[in-house]
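> give me a 3D structure for the following:
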Amino acid sequence: MFARKVADHYSSRTNQTLEEREASPIIHLKKLNNWIKSVLIQLYTKKGDAVLDLACGKGGDLIKWDKAKIGYYVGIDIADGSIEDCRTRYNGDADHHQRRKKFSFPARLICGDCFEVRLDKVLADDAPFDVCSCQFAMHYSWSTEARARRALANVSALLRPGGIFIGTMPDGNVIVKKLREVDGMTFGNSVYWIRFDEEFENKKFKSSNPFGIKYKFHLEDAVDCPEWIVPFHVFKSMAEEYDLELIFAKNAHVFVDEYLKKPEFIELMRRLGALGDGKDDQSTLSPDEWDAAYLYLAFVLRKRGQPDQTQVSIRRDKGKMHLLKEDIMYISGQV
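Next up is the predicted model:
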């Protein structure tokens, strides 16, 4: 039920014009998040890689994957409106004023709940993938243990040995810490607020039941729906059950501090404009946006085993270079 609510929320968000995007009260936070995702993609993607993008949304990362020169892309999202926007964006029709060059990789799009459906059956002919990405969405699987396990089982089943799982999600430790620092059940600032129900009024969370810890999250001009705490130590140990070993997990503040020391990523930050361009544009993240960034972490996991150099998939013909409406595959329930 909550999955449907989340899907409806994201489907209902209309595409913004460039002018509307730039006027957003969290434009610099959005740009910072794009920088974090770009850094992850650049660090862990190689030319020709096959990529599985879980909860791909409107295809906001397509250009990032194109810059990484990937060879094949499969995107899946629960929201049909988002998938349709992703199709339009992939085809280069999204912005008629700025017709961009075609993407260099074939793609396939699927509409369905990747935390519910057994994707190894759906994508048997497409697997294995070199990289799996799940950006700002993994926590939506944490409403029940079954969904959390399905999410990790899907990633593990579809990654090749040595394959990489990259992602971003809320930092449960930070959220609980912030909750305990205030008197009531709500905290936030001018760009976001988080509210917990009274059932958590003692602000204690049982380690014996780490799933279904729900809170309401509102981020200006972006999100307004239920989310779930992901206790990271549980995520890490559960991922290990599915042969996914943690390479690193870093809070966004630590991630920015570390990777902004590297020249290529400084230049990327300048181009994206999250901290202004260092010249005419002196605008930068507001303190409230920087505080909102603290709510998130980035993670990288690796599928156990050695890559099989002989296993080059021949599934490239499953994807197309131009996607029609009827090319979108709709899946539901326990496939």
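> quickly note the distance from the closest residue to residue 293 other than its chain neighbours to residue 303.
Nearest non-adjacent residue to residue 293, counting by CB to CB, 6 or more residues apart in numbering: residue 252, 4.6 Å away. Every residue, glycine included, has its C-beta placed from N, CA and C. Distance of residue 252 to residue 303, computed by CB to CB, to the nearest Å: 25 Å.
> neighbour count winner among these two?
residue 303 (25 against 22; other CB atoms under 10 Å).
> for residue 159, see how far away the more buried one is.
Taking CB to CB, one finds residue 303 at 4 Å from residue 159.
> for residue 74, name its beta-bridge partners.
residue 52, residue 108 (DSSP bridges).
> list the contacts of residue 303.
Going by CB atoms under 8 Å, 6 or more residues apart in numbering, residue 303 touches 156, 159, 160, 161, 162, 163, 164, 165, 243, 244, 245.
> just those: which are in helices?
Cross-referencing these against helices under DSSP state H gives residue 156.
> count the neighbours of residue 202 for me.
For residue 202, the count of nearby residues is 6 (other CB under 10 Å).
> repeat that for residue 71.
Residue 71: 18 neighbours (other CB under 10 Å).
> OK, contacts around the spatially closest residue to it that is not a sequence neighbour?
In this structure, residue 71 finds its nearest non-sequential neighbour in residue 48, 4.0 Å apart by CB to CB, 6+ apart. Each residue near residue 48 by CB under 8 Å, 6+ apart is listed here: 69, 70, 71.
> I figured residue 243 hits residue 305, correct?
Yes: look at residue 243 against residue 305 with CB atoms under 8 Å: they come within range, at 7.3 Å.
> show me which of these two is the more surrounded one.
Higher neighbour count among residue 243 and residue 305: residue 243, with 17 against 12, using other CB under 10 Å.
> residue 66: neighbouring residues, count only.
Neighbours of residue 66 under the rule other CB under 10 Å: 17.
> again, but for the one 10 residues further on
Number of residues near residue 76 (other CB under 10 Å) recorded here: 25.
> again, but for the one 10 residues further on
Taking other CB under 10 Å as the criterion, the count of residues near residue 86 is 28.
> for the helix or strand hosting it, buried residues please.
In the assignment (DSSP states H and E), residue 86 maps to helix 80-91. For helix 80-91, the neighbour count (16 or more other CB atoms under 10 Å) marks 81, 82, 83, 84, 85, 86, 87, 88, 89, 90, 91 as buried.
> quick revisit: nearest to residue 268, of the contacts of residue 303?
Nearest to residue 268 among the contacts of residue 303 is residue 164, at 19.5 Å by CB to CB.
> test my guess that that closest one contacts residue 44.
Yes: at 4.6 Å, residue 164 counts as touching residue 44 under the criterion of CB under 8 Å.
> comparing those two, which residue is more hemmed in?
More crowded of residue 164 and residue 44, by other CB under 10 Å: residue 164, with 23 against 19.
> quickly list what that one is bridged to.
Applying DSSP bridges, one finds that residue 164 bridges with residue 131, residue 302.
> what residues are up against it?
Shown in contact with residue 164 (CB under 8 Å, 6+ apart): 44, 130, 131, 132, 247, 300, 301, 302, 303.
> with residue 327 instead?
87, 108, 109, 320.
> sorry, back to before: now the contacts of residue 303: which count as buried?
Buried subset of the contacts of residue 303 (neighbour count, 16+ other CB under 10 Å): 156, 159, 160, 163, 164, 165, 243, 244.
> pipe the contacts of residue 48 into a markdown table and attach pLDDT and secondary structure per row.
Below are the contacts of residue 48 laid out as a markdown table (pLDDT from 0 to 100; DSSP: H, G, I helix; E, B strand; the rest coil):
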| residue | pLDDT | secondary structure |
| --- | --- | --- |
| 69 | 98 | coil |
| 70 | 98 | coil |
| 71 | 97 | coil |
